[in-house]
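K.L.:
All I have is the shape, not the residue letters:
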Ligand SMILES: Cc1cc2nc3c(=O)[nH]c(=O)nc-3n(C[C@H](O)[C@H](O)[C@H](O)COP(=O)(O)OP(=O)(O)OC[C@H]3O[C@@H](n4cnc5c(N)ncnc54)[C@H](O)[C@@H]3O)c2cc1C
């Protein structure tokens, strides 16, 4: 590259999206990549994360799938939370057909570490909280950090999650609101639940009226003889508490968590009671209007939760964020080697990813409509649950879980005769 000017890229945020993007972009020799993370080290709050065939595809492309292990989700149950009645059992033979690793639930830290291991170390700058961006036209973008330092970059990737500062700079009128849907999450040693085999033997959702509880393995027991087990409680109608309702991770007291499941089946309450004080973490759900644009100024792209906060609706948001980063890399590579401007790369990125996210939103709207219809027509909870589980499990979501991002790129090249 002697004599050639490198294009500087600033990635904001070191979550799955930012790390995935950093891996993909740092493989392009014409780019100089720096990742800015607000925390002083790489960390991932939360409990487990689901990874399906779409995740394996992109992790393979990033060279980061090797270290990712977790508990199998091959046997999942849906239950009525009050009676414990099993309403649906799904074994996932289709997973093995698509990818023999199948769907797993892994510790979030596992994914984070696997990605981090593939990012060139010297490109990550910690304790750099972005506060603002300015468009300097032909001179690029000026980034201002909380520590009052500034840098210039030719391209900025906003991978800074749902409360994105990048998005705030681009679209200041876009405001988030608390949805009332809060997740309480914990990982407990599975041995603590030995007396509750019905809880630990499957991945299960126990559905109630104002919330549900999710139980899952997060470790591959063939490599870990002291496995952890995830309990997540989703509570749909939490009050907003000024100053206390935050985006991602505050401790929650046992009493508060237990109060969300007092009417649930004894086995659920017993499982919740095994958690030691100080272990629960609370994650408040936020949402905002859907964005019409995921790029701006011809040099800034939003990826992952910064552009499409789906609040865990499909249990695949980390994969979407990594797919975004990989596609952005392909678009930059294509435009570079065909002598086109950077703005074309952002346009290609948006052309490929926006319709995909729109399809997800359409799916969510359709499900919402169905549920509202059944709720207005019947007060029978079991009937409502049946519809909910049906939409949750059986509506066609192959376009998500079986997505092969490299084929998506090939299809773009073919359609555009590149
Ligand atoms: C309850 C729940 C369950 C979920 N379950 C799943 C699941 O099973 N599977 C799945 O794939 N997804 C799941 N998701 C979604 C998933 O967690 C997100 O979609 C994913 O983490 C998005 O990745 P990201 O990199 O875009 O953002 P994030 O993971 O939010 O990372 C953003 C990063 O940016 C940093 N940052 C933020 N602001 C700044 C700033 N100003 N300056 C510098 N750095 C900054 C943060 O510290 C963080 O490191 C779930 C979500 C919820 C709420």
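P.N.:
Sure, I can see it. Not measured: the values here are computed from a predicted model.
K.L.:
where does the stretch 1-150 of the chain have low pLDDT?
P.N.:
1-3, 45, 92-98 (pLDDT under 70).
K.L.:
Can you name the residue of it nearest the ligand?
P.N.:
residue 15 (2.1 Å; CB to the nearest ligand atom). Where you see a C-beta, it was placed from the backbone N, CA and C, and this is true even at glycine.
K.L.:
and that residue, how many neighbours does it have?
P.N.:
Neighbour count for residue 15, taken as other CB atoms under 10 Å: 27.
K.L.:
residue contacts, it?
P.N.:
44, 112, 159, 161, 304, 305, 318, 321 (CB atoms under 8 Å, 6 or more residues apart in numbering).
K.L.:
Please apply the same query to residue 385.
P.N.:
Here residue 385 is in contact with 80, 87, 207 (CB under 8 Å, 6+ apart).
K.L.:
the longest strand in the protein is where?
P.N.:
The residue-count maximum for a strand in the chain (DSSP state E) belongs to strand 177-189.
K.L.:
who touches it?
P.N.:
46-48, 107, 218, 226-240, 245, 252, 257, 260, 274-275, 279-288, 311-312.
K.L.:
now the residues you listed: which count as buried?
P.N.:
Buried positions within those, assessed by neighbour count (16 or more other CB atoms under 10 Å), are 46-48, 107, 218, 227-235, 238, 245, 252, 257, 260, 274-275, 279-286, 311-312.
K.L.:
Contact partners for the nearest residue to residue 344 once chain neighbours are set aside?
P.N.:
In space, and not counting its chain neighbours, residue 344 is closest to residue 335: 4.7 Å by CB to CB, 6 or more residues apart in numbering. By CB under 8 Å, 6+ apart, the residues touching residue 335 are 341, 342, 344, 345, 348.
K.L.:
re earlier: the helix or strand just after the longest strand of the chain - contacts with which helices or strands?
P.N.:
On the C-terminal side of strand 177-189, the closest following helix or strand by DSSP states H and E is helix 197-200. With contacts taken as 3 or more CB pairs under 8 Å, 6 or more residues apart in numbering; DSSP states H and E, helix 197-200 sits against strand 211-217, helix 266-273.
K.L.:
Show me what helix 197-200 is in contact with.
P.N.:
So helix 197-200 is in contact with 84, 190, 193, 194, 215, 217, 229, 267, 268, 271, going by CB under 8 Å, 6+ apart.
K.L.:
Count the residues that sit near the first one.
P.N.:
Taking other CB under 10 Å as the neighbour definition, residue 84 ends up with a count of 15.
K.L.:
sorry, back to before: given the longest strand of the chain, what are its sheet partners and their directions?
P.N.:
Strand 177-189 has its sheet partners listed here by DSSP bridges as strand 228-235 (antiparallel), strand 281-287 (antiparallel).
K.L.:
Just tell me which of the ones you listed ends up closest to residue 403.
P.N.:
Nearest to residue 403, of all the strands paired with strand 177-189, is strand 281-287, at 23.1 Å by CB to CB.
K.L.:
ok, and what's touching the next helix-or-strand element following that closest one?
P.N.:
Moving toward the C-terminus from strand 281-287, the next helix or strand (DSSP H and E) is strand 295-296. With contact meaning CB under 8 Å, 6+ apart, strand 295-296 is reached by 170, 171, 301, 302, 346, 347, 349, 350.
K.L.:
Partner strands of strand 295-296, with direction?
P.N.:
Per DSSP bridges, strand 295-296 is paired in its sheet with strand 300-302 (antiparallel).
K.L.:
how about the partner strand, does it get close to the ligand?
P.N.:
No. Shown here: strand 300-302 not in contact with the ligand (CB under 6 Å from any ligand atom), separated by at least 9.2 Å.
K.L.:
quick one: average confidence on that strand?
P.N.:
Averaging pLDDT along strand 300-302 gives 98.
K.L.:
what's near enough to touch residue 319?
P.N.:
Taking CB under 8 Å, 6+ apart, one finds 16, 51, 52, 54, 55, 58 in contact with residue 319.
K.L.:
neighbours of residue 347, just the number please.
P.N.:
Residue 347, neighbours per other CB under 10 Å, totals 16.
K.L.:
quick one: average pLDDT of the strand or helix carrying it?
P.N.:
Assigned by DSSP H and E, residue 347 falls within helix 342-377. Mean per-residue pLDDT for helix 342-377: 92.
K.L.:
Out of the contacts of helix 197-200, which comes closest to residue 153?
P.N.:
Closest to residue 153, out of all of the contacts of helix 197-200 and judged by CB to CB, is residue 217, at 41.6 Å.
K.L.:
Show me what the closest one bridges to in the sheet.
P.N.:
With DSSP bridges as the rule, residue 217 is bridged to residue 229.
K.L.:
picking that back up, distance to residue 295 for the contacts of helix 197-200 - can I get that in TSV?
P.N.:
Converted to TSV, those look like this (distance: CB to CB, whole Å):
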residue	distance to residue 295
84	48
190	44
193	46
194	52
215	40
217	39
229	41
267	49
268	44
271	45
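K.L.:
buried subset of those residues?
P.N.:
By 16+ other CB under 10 Å, the contacts of helix 197-200 give 190, 193, 215, 217, 229, 267, 268, 271 as buried.
K.L.:
what's the closest of those to residue 20?
P.N.:
residue 217 (24.4 Å).
K.L.:
Name the residues of this structure found near the ligand, please.
P.N.:
12-18, 36-39, 49-50, 129-130, 159-161, 165, 183, 283, 304-306, 311-312, 315-319, 321.
K.L.:
List only those of those flagged as buried.
P.N.:
Here, 16+ other CB under 10 Å leaves 12-18, 36-38, 49-50, 130, 159-161, 165, 183, 283, 304-306, 311-312, 315-319, 321 buried among those.
K.L.:
The residue nearest to residue 344 belongs to a strand, doesn't it?
P.N.:
No. Counting by DSSP: H, G, I helix; E, B strand; the rest coil, residue 335 is not found in a strand; it is helix.
K.L.:
any idea how the chain splits into domains?
P.N.:
7-65+108-175+289-415, 177-287 (automatic domain parsing).
K.L.:
Of the ones you listed, which is nearest residue 74?
P.N.:
Short answer: domain 177-287, nearest of the domains of the chain by CB to CB, at 8.4 Å.
K.L.:
and the gap between the closest residue to residue 320 other than its chain neighbours and residue 410?
P.N.:
The spatially closest residue to residue 320, leaving aside those adjacent along the chain, is residue 304, at 6.4 Å (CB to CB, 6+ apart). In this view, residue 304 and residue 410 are 23 Å apart by CB to CB, to the nearest Å.
K.L.:
Great, nothing more from me.
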